[in-house]
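A.B. asks: Requesting a structural model of the entry that follows:
(chains A and B)
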Amino acid sequence: MPDLSEIGPAQPLSTVESSKRNLQKTLRPRVYEKILAYNDRMMDGVISPILRLKINRSLCNMKCEHCCEEPYMTRDLKKRTGKEDPRPQMGLEDYRRLSEQADQYGLFRFVLTGGEALLDKNLGDLVKALDPYKHLIVLDTNGYYFDLEKAKWFASIGGYKAQISLDSFFAEEHDKFRNTKGAHDRALKALDAAKESGLELLLSTCLVKGRIFTEEFKLLIDYCESKAIPLYVSLAKPVGSARGHDEWVCDKADVDALKDLEAKHNIFTHMTPSYGQPGKCITVKGINTVNHDGEIMPCPYMDMSIGNIMHESLDIIFERGMLNKWLGPYRDECIIGENWDFIKWHNTVVSNHLENSPYLPVPYEQSFALTESF
Amino acid sequence: MLHINDHGWIIPGVNHKTYAKTNSTYYKCGIYSNDELINYNLIDSCFDIKCEPGKVLEKFSELKKSILGSSISNLLLAPHIPFILPRFKSANIGEILEREYFPALSVALEKERRSFKYVLRNSDDTLVDNLYPTEYYQNLMKAGQKTAIIGYYFPLALEGYAPSSQQDAFSCLFKDIPLSATLSGPIEIASVLVANSNLLFNQESYSHILTASGVEHCDTRLLLSFKSYGSNLETWLLSKLLTPKNEQVSEQWSAGISIYSTLA
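C.D. replies: Model (predicted):
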C-alpha cells in the first residue's frame, strides 16, 4: 500500500499558475493583490469572473460555420432588418466605468472579443480605458491580422495574452470552416508573433463530437507541445450559426476523454480546475459576456441576459445570476454544451424571441426571470 | 415529522432549503455492489478486519431487519451500500483518512486504471487535526475506537440539500429512531469507495458529488467532498456558500446517511 508521501495532496495551483502569479507581483501589483484574495473570497461566496467584452458591433473578417456571434453582427442584422443595431452602444466612458466597478468588486480579467477584436480602430483607447495595470487584458483573435508588428503593439499598450483560434490542424479543413483562404497559415504565424512579442498566449480550438478521437486532434496536440503552446478547448454549442447542429454536441465520452488528456498535456477547458477551484460550469461565476449594449450574458454561448450594466451595478447583476437555479449552483457539466434540458429550453426561448425581435440577447425579463431562483 | 419518498429521498420540511421539491434524475451513480459479502471481502483484503464473515453477515442482516421494521424503511428504496470499518487506530479523522483510507483508495482506483487526487487549500496542508465530528458522527467515532463497525451508506438520502438543511433534516428524521445513525462522514464514504471504486463513474451521465457532512473542517466555510473528474476520483474542500448571504444548494451535491452497528 502506498504511504501518504506517494499520493500526497495535489497542488491546488499548478507550477505554471504559481510562476505567473509571481510575475504579476512585479508588473501589476493591483492584479496580484486581487489574485491573492481570489480564493479566500470564493470561500466566502464572492465570485470573481472574467468579463468578456464584445466590441465594435462584433465586426469580423471571417464567416465561420460554427460562429455563435453571427446574429449580433451588423452584416447579419442588415440582412434581416436592413439596418444596424439601433440600441445604444457602450462607449469608452462606459468601459472606463465598468473597469472601475470591476476593480472595486475584485475582478481582474477582461477578454476583448468580437467578431475579430483587432478590427476595432479604437482598440488602443479601449485597452487604456480598461486600465491594463489593474486588469489582465486578453485578446481573442483569429490571427489573420495579428502579425509581429500588431503583437508587439498589443504588448506595448499593456496587453497580457493573445488567444488565437484554430479549428483544425489541417489547413484545408480550417480554411473551409472559416470560409477564408489562408486563415490557417496566418493563425500559425500569429502564434509565433505572440510568442516573439512576449505575450502570454494560447491556441483556442472548438471541439465537435468525435473530434477528440481523431488523428487531426492528435496532430494539433503534438504541434502545441512542440511549440509549448497551451491548448484551450471549447465544446461546440448548438447556438448562433450552429443552432440545429445537434450532431456537433459532445457527449460524456468526449468530455471524459478530454479531461483525461489534461493530465498528460497542457490542455484545458473553461471547466478545468484552476485558481485552486474544481472544474465546474462557469455560468456567472467563471465568465460573463458584456454585449455591445451592456447586456450581460452569464456564459459566452448563451443568448440570454441577466441584466444590463448600463442600468444596474455589477454586484446586483451577479447576485441575480448566482441565485438563479440554472446558473448559480455548483454543477459539473457545461449546461449549454452538454445538458439537453437546458439547451432545448435556451434555444426555444431564443427562437421565440427572434420571431418578435431581431436583437439578441433575450432580455432577462423574458428569459432567466421565467426560471426558478432561490 | 419528515417522510421518505419512493426513491429513498427525504422529503424536505418547509424550512429546508433544497434545489428542488423532488430528487434529481440528472445525476446518476456508477457501478456499485450492495452485496454485503463482496464488500466485506474487498475491505478485508485491504485492512485485515479479523472477523468471521458469517458473523459479519449476521450483523448486516439484523441491521437491515431493524431498518425495514422502522419508519425510515423507504431509505432502502434508494442506493444503499454496505460498509465495513475496521477498528480505528486513532481518534483523529484526518489521520485515519490520510494514513489508511486514502492510500487504500489510491490502490483500489489504480486497479481500475483510475487515479486518486486530493486537493486541499495549500500543497502543504493536511486533514490531520483539521476535521471534527458533528454530534452524531462523534458517536460513530467513539464506537469505532472500540470495535469494527458495519453499516449501510445511503449516498442519495439528502441529495440537493443546503448544508444546514442536511443537518436539520437528519436530526428531525432520526430524533425518535432507535438506530445508530449519522450524516455520512469521510471514513465510511472512503471505505465504500475502496470497495466500489466505480461508484462515481458513470459512462453516460455525470455522478453526484458526495459531501462528507458528518464532519466539520476547521475552516467552517468548507465542506469535504468526493467527486469524479474524467478518470480521476478527487476530494475537494468546497465552499458551503453560493453567495455571501446564501448557502450553496446544488442539485449535484448529495449528503448521505450512514446507519451502523458495532461488530462486538
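
A.B. asks: I'd guessed A:Gly286 sits against A:Pro49; true?
C.D. replies: Yes: taking Cβ atoms under 8 Å as the contact criterion, A:Gly286 and A:Pro49 are neighbours in contact, 5.4 Å apart. Where C-beta positions appear, they are placed from N, C-alpha and C, glycine not excepted.

A.B. asks: show me the contacts for A:Lys25.
C.D. replies: A:Tyr32 (Cβ atoms under 8 Å, 6 or more residues apart in numbering or on different chains).

A.B. asks: Next: A:Leu323.
C.D. replies: When contacts are counted by Cβ under 8 Å, 6+ apart, A:Leu323 is found next to A:Ser373, A:Phe374, B:Leu242, B:Thr243, B:Asn246.

A.B. asks: Same question for A:Ala242.
C.D. replies: Taking Cβ under 8 Å, 6+ apart, we find A:Ala242 in contact with A:Glu65, A:His66, A:Cys67, A:Cys68, A:Ala236, A:Trp248.

A.B. asks: any chance of these in a markdown table, plus secondary structure?
C.D. replies: Written out in a markdown table, the entries for these read as follows (DSSP: H, G, I helix; E, B strand; the rest coil):
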| residue | secondary structure |
| --- | --- |
| A:Glu65 | coil |
| A:His66 | coil |
| A:Cys67 | coil |
| A:Cys68 | coil |
| A:Ala236 | coil |
| A:Trp248 | helix |
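
A.B. asks: Give me the buried subset of these.
C.D. replies: With neighbours counted by 16 or more other Cβ atoms under 10 Å in any protein chain shown, the contacts of A:Ala242 contain buried members at A:His66, A:Cys67, A:Cys68, A:Ala236, A:Trp248.

A.B. asks: Max pairwise distance over those residues: which two?
C.D. replies: In those, two members sit farther apart than any others by Cβ to Cβ. They are A:Cys67 and A:Trp248, at 12.6 Å.

A.B. asks: Looking at the contacts of A:Ala242, which is nearest B:Leu109?
C.D. replies: Ranked by distance to B:Leu109 (Cβ to Cβ), these are led by A:Ala236 at 31.0 Å.

A.B. asks: what about B:Lys175, neighbour count?
C.D. replies: When counting by other Cβ atoms under 10 Å in any protein chain shown, one arrives at 9 neighbours for B:Lys175.

A.B. asks: what's the answer for A:Thr214, then?
C.D. replies: Neighbours of A:Thr214 under the rule other Cβ under 10 Å: 13.

A.B. asks: what's the pLDDT at it?
C.D. replies: For A:Thr214, the model assigns a pLDDT of 97.

A.B. asks: mind checking how far it is from chain B?
C.D. replies: For A:Thr214, the distance to chain B under the criterion Cβ to the nearest Cβ, to the nearest Å works out to 19 Å.

A.B. asks: how about the closest residue to A:Lys128 other than its chain neighbours, what does it touch?
C.D. replies: Beyond its immediate neighbours in the sequence, the residue positioned closest to A:Lys128 (Cβ to Cβ, 6 or more residues apart in numbering or on different chains) is A:Ile157, lying 7.0 Å away. Going by Cβ under 8 Å, 6+ apart, A:Ile157 touches A:Gly124, A:Val127, A:Lys128, A:Pro132.

A.B. asks: Could you turn the buried ones of those residues into a PyMOL selection?
C.D. replies: Only the buried members of the contacts of A:Ile157 enter the following PyMOL selection, criterion being 16+ other Cβ under 10 Å:
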select buried, chain A and resi 127+128+132
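
A.B. asks: which one among the contacts of A:Ile157 gets closest to chain B?
C.D. replies: Within those, the smallest distance to chain B is 29.1 Å, found for A:Pro132 (Cβ to the nearest Cβ).

A.B. asks: That closest one contacts A:Ser156, correct?
C.D. replies: No: contact criterion Cβ under 8 Å: A:Pro132 and A:Ser156 do not qualify, at 10.4 Å.

A.B. asks: ok so, going back, for the buried ones among the contacts of A:Ala242, give me CSV that also has pLDDT.
C.D. replies: As requested, the buried ones among the contacts of A:Ala242 are exported to CSV (pLDDT from 0 to 100):
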residue, pLDDT
A:His66, 76
A:Cys67, 83
A:Cys68, 86
A:Ala236, 87
A:Trp248, 88
